[in-house]
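Asker: Pasting the sequence and the predicted coordinates here, then a few questions.
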Amino acid sequence: MRLKSHLNALFVEAFAKAKIDAIPISVTEASQEKFGDYQFNGAMALSKQLGKNPREIATEILNALDTSTLIAKTEIAGPGFINLWLNDAWLSEACQNAFQDDRLSISLKLQSQTVVVDYSGPNMAKEMHVGHLRSTIIGDTLANLLTFLGDRVIRQNHIGDWGTQFGMLVAYLEEQHSDTSANLKDLESFYKAAKSRFDADESFANKAREYVVRIQSNDAHCLVLWQRFIDISLQHCEDVYRELSVKLTREDVKAESFYNDDLVNVIDDLNAKGVLTESEGALCVFLEGSQTPVIVQKKDGGYLYATTDLAALRYRAKTIQADRILYVVDARQAEHFKQVFEVAKISDFVPQSVRLEHIGFGTMMDSSGKPFKTRDGGTVKLIALLDEAVRKAKKSIKEPSKFTSQEIEQLAQVIGIGAVKYADLSINRESNYVFDWDKMLAFDGNTALYMQYAYARIQSIFRKHNASIEGKIVIVDPLEHQLAVMLLRFEEVLIRTSEDASPNQITAYLYEVVTLFMRFYEQNPILKDGVDDITKMSRLQLANLVARTIRLGLEILGIDVVDQL
RNA sequence: GCGAUCGUAGCUCAGUUGGAUAGAGCACUCGCCUUCUAAGCGAGCGGUCUCAGGUUCGAAUCCUGACGGUCGUACCA
């Protein structure tokens, strides 16, 4: 349901009828309860243009405004605000329709786009660490959201499987004669061991360097070793994805090495376009207004990540035929993407019409405001962090005696992982974010557990009711009214989130829905004695809508719910 | 140096086309469970929206400058 669009359409109509020659600015949600459900603030802005005072204009608009459908009451307030109250009968019917619809009346986009979402992108030489968390879960959320809204979504996991360190790793792997997967179980230690071997032994270092060259020249022996290494490393990532309920699979992997053969073409084509300049031995693209060039080929002939990104951009635009490409990557790379996108456009690698967006995000900090590290200054392994979350969640379960040990494991998983993901997704994407176990697992305020608790509470109502739901939704109570309006806003929140790529709009919305429901529920009994059948059935349906809204919202965020907590 | 970005309650943060008295959670004070899950609800306390100008009928929001933090800045990704 798109409430705002409906209201805006009425204002466009009213403007035409009142012969006001202007495009009305959009209505907004009312800033306060006493100002109604929505407000139109455009009369003030038109004052100068029309040479009339704003209240006069507001009166003219209201005289022409159709209030026979969803608007129940209007008022002109203050300097010229138009406050709007929605019609209960209309809301009842809209909620009724949502109740009967699997998609809660959220329509599919009329014009579906092909959207590439590039996220996660772990380096195969190392284990996934906390630095990968945000990209992975924000990207997954955006992919889920766009899919739900009807876009054709292509997930792309641009894993780092190429570079000089692989010579060293493969050489070291070859030296280890025992079972390779066992050796690679702890990638971090494996990397360190290889590195210290590299630093200590000159002949090993030479071999490592030689292997880099051999891998790059498609030497069969080295490629087999390399491939085995990548496979095992990728399995680590898949373990993390499974733990995180992130939907990335091997199908989505399009590694850096995938573009290797195309890099020489990238250079040729940039050259043919006349954008290349040689500077200090390197091949560069100098962009207007930027001092530092985009280097696409080093003086030693090697390629850089800008080169690979250009190849990937072209592949996504031309082969995948993307209309929109999202890069969910640390905000610190803003400049890089700005430049690469520009190069891609001026070189016709990507048509002008394709939207290229860097979805940047802030750094994860510890409580002292420094980048998140272990006590000894190392990076925190993602799998360790998730295990810790589940362990803490298990300890926090209030009445463990209610559940079997197996159920507890599952509960802890849902709560713990949900807490980590929600804490991250509920923060404004672009700001740095302080990682705080106590806060995310305290389960107060705007947290995953609060949502999961609300959901479970509603499920408990249905268990108790244990019968079919019939009848209609009837909205009479003021809180019911507010709740109905809130529920019907969901589609617009999702659309906005998909445009801005900012998942915290979903969490903020869900939090509003849930707090409102909690208030409603405290004051308006559902199953208690003395509630007549019509009211009971209506409230059961509203409760059901709330529950399904929570479930769908969390599902988009990649967070599970449970029926009982 | 240049550039990006941020600065909102004691703490962590919302506040996205500029709107009426700037909102949550935590913490602190107080009230509400023989009654649908109290992991809840209600009330109170708490603000020079870093500062100074400007644009506007109206600015936390837009512009300029200052101060402070974070980050980036030629062959790593």
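Answerer: Received, thanks.

Asker: Measure how buried A:Ser405 is and give me the count.
Answerer: A total of 8 residues lie near A:Ser405 under the criterion other CB atoms under 10 Å. The C-beta positions use only the backbone N, C-alpha and C, and glycine is treated the same way.

Asker: Can you list the low-confidence ranges for chain A?
Answerer: Residue ranges of chain A with pLDDT under 70: A:177-185, A:368-369, A:375, A:443.

Asker: And the strands in the stretch 301-450 of chain A?
Answerer: A:324-328, A:355-359, A:364-365, A:433-434 (DSSP state E, counting those that start in this stretch).

Asker: most remote residue from chain A's center?
Answerer: Farthest-out residue of chain A from its mean C-alpha position, per CA atoms, centre = their mean: A:Ser203, at 47.4 Å.

Asker: continuing past the helix or strand hosting that one, what's the next helix or strand?
Answerer: Element membership for A:Ser203 (DSSP states H and E) is helix A:202-216. Sequence-wise, the next helix or strand downstream of helix A:202-216 (DSSP H and E) is helix A:220-244.

Asker: So what touches the following helix or strand past that next one?
Answerer: The helix or strand immediately downstream of helix A:220-244 is helix A:263-272, counting by DSSP H and E. For helix A:263-272, contacts defined as CB atoms under 8 Å, 6 or more residues apart in numbering pick out A:276, A:283, A:285, A:296-297, A:303, A:307-308, A:310-311, A:314, A:343, A:347, A:349.

Asker: So A:Arg478 versus A:Lys273, what's the distance?
Answerer: That one is not Arg; residue A:478 is Pro. Using CB to CB, to the nearest Å, A:Pro478 is found at 63 Å from A:Lys273.

Asker: Those two: which is more packed in?
Answerer: Counted by other CB under 10 Å, A:Pro478 and A:Lys273 do not tie: A:Lys273 has more neighbours, with 14 against 11.

Asker: Identify the residues contacting the closest residue to that one other than its chain neighbours.
Answerer: Setting aside the residues directly before and after it, A:Lys273 is nearest to A:Ser347 in space (CB to CB, 6 or more residues apart in numbering), at 4.7 Å. Listed by CB under 8 Å, 6+ apart, the contact set of A:Ser347 reads A:269-270, A:273, A:275, A:310.

Asker: cool, and A:Asp532?
Answerer: Per CB under 8 Å, 6+ apart, neighbours of A:Asp532: none.

Asker: returning to that earlier point: quick one: the residue farthest from the centre of chain A and RNA strand B, what's the gap?
Answerer: To RNA strand B, A:Ser203 is 24 Å away according to CB to the nearest atom of the strand, to the nearest Å.

Asker: show me the contacts for the closest residue to A:Asp88 other than its chain neighbours.
Answerer: Distances taken as CB to CB, 6+ apart place A:Ile475 nearest to A:Asp88, at 4.4 Å, with adjacent residues excluded. Each residue near A:Ile475 by CB under 8 Å, 6+ apart is listed here: A:88-89, A:91-92, A:95, A:481, A:484, A:538.

Asker: And RNA strand B, is stretch A:236-253 touching that?
Answerer: No: applying CB under 7 Å from any atom of the strand, one finds stretch A:236-253 out of contact with RNA strand B, separated by at least 14.6 Å.

Asker: what distance separates the start and the end of that stretch?
Answerer: Stretch A:236-253 stretches 14 Å from its first residue to its last (CA to CA, to the nearest Å).

Asker: buried residues in that stretch?
Answerer: Neighbour counts over stretch A:236-253 (16 or more other CB atoms under 10 Å) mark A:236-237, A:240-241, A:243-246, A:248, A:252-253 as buried.

Asker: okay if I get those residues as a markdown table plus distance to A:Ile415?
Answerer: Rendered in a markdown table, the data for those read as follows (distance: CB to CB, whole Å):
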| residue | distance to A:Ile415 |
| --- | --- |
| A:His236 | 24 |
| A:Cys237 | 24 |
| A:Val240 | 18 |
| A:Tyr241 | 19 |
| A:Glu243 | 14 |
| A:Leu244 | 14 |
| A:Ser245 | 13 |
| A:Val246 | 17 |
| A:Leu248 | 23 |
| A:Asp252 | 27 |
| A:Val253 | 30 |
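
Asker: residues contacting the residue in the stretch 451-565 of chain A positioned nearest to RNA strand B?
Answerer: Closest residue of the stretch 451-565 of chain A to RNA strand B, CB to the nearest atom of the strand: A:Ser460 (2.9 Å). A:Ser460 makes contact with A:Gln564, according to CB under 8 Å, 6+ apart.

Asker: List the buried residues for the helix or strand harbouring it?
Answerer: Element membership of A:Ser460, judged by DSSP H and E, is helix A:448-465. Neighbour counts over helix A:448-465 (16+ other CB under 10 Å) mark A:448-459, A:461-462 as buried.

Asker: and what of stretch A:50-65?
Answerer: Quick answer for stretch A:50-65 (16+ other CB under 10 Å): A:50, A:52, A:54-55, A:57-62, A:64-65.

Asker: Report whether stretch A:516-529 contacts RNA strand B.
Answerer: Yes: under the criterion of CB under 7 Å from any atom of the strand, RNA strand B is reached by stretch A:516-529 at A:518-519, A:521-522, A:524-528.

Asker: Quick one: end-to-end distance for that stretch.
Answerer: Distance across stretch A:516-529, first residue to last, is 23 Å (CA to CA).

Asker: What of stretch A:492-508?
Answerer: End-to-end distance for stretch A:492-508: 13 Å, by CA to CA.

Asker: Report the buried residues of it.
Answerer: Within stretch A:492-508, the residues scored as buried using 16+ other CB under 10 Å are A:492-495, A:497-498, A:501-508.

Asker: and that stretch, how far out from the chain's middle?
Answerer: Remark: stretch A:492-508 is offset 8 Å from the chain centroid, using CA atoms, centre = their mean, to the nearest Å.
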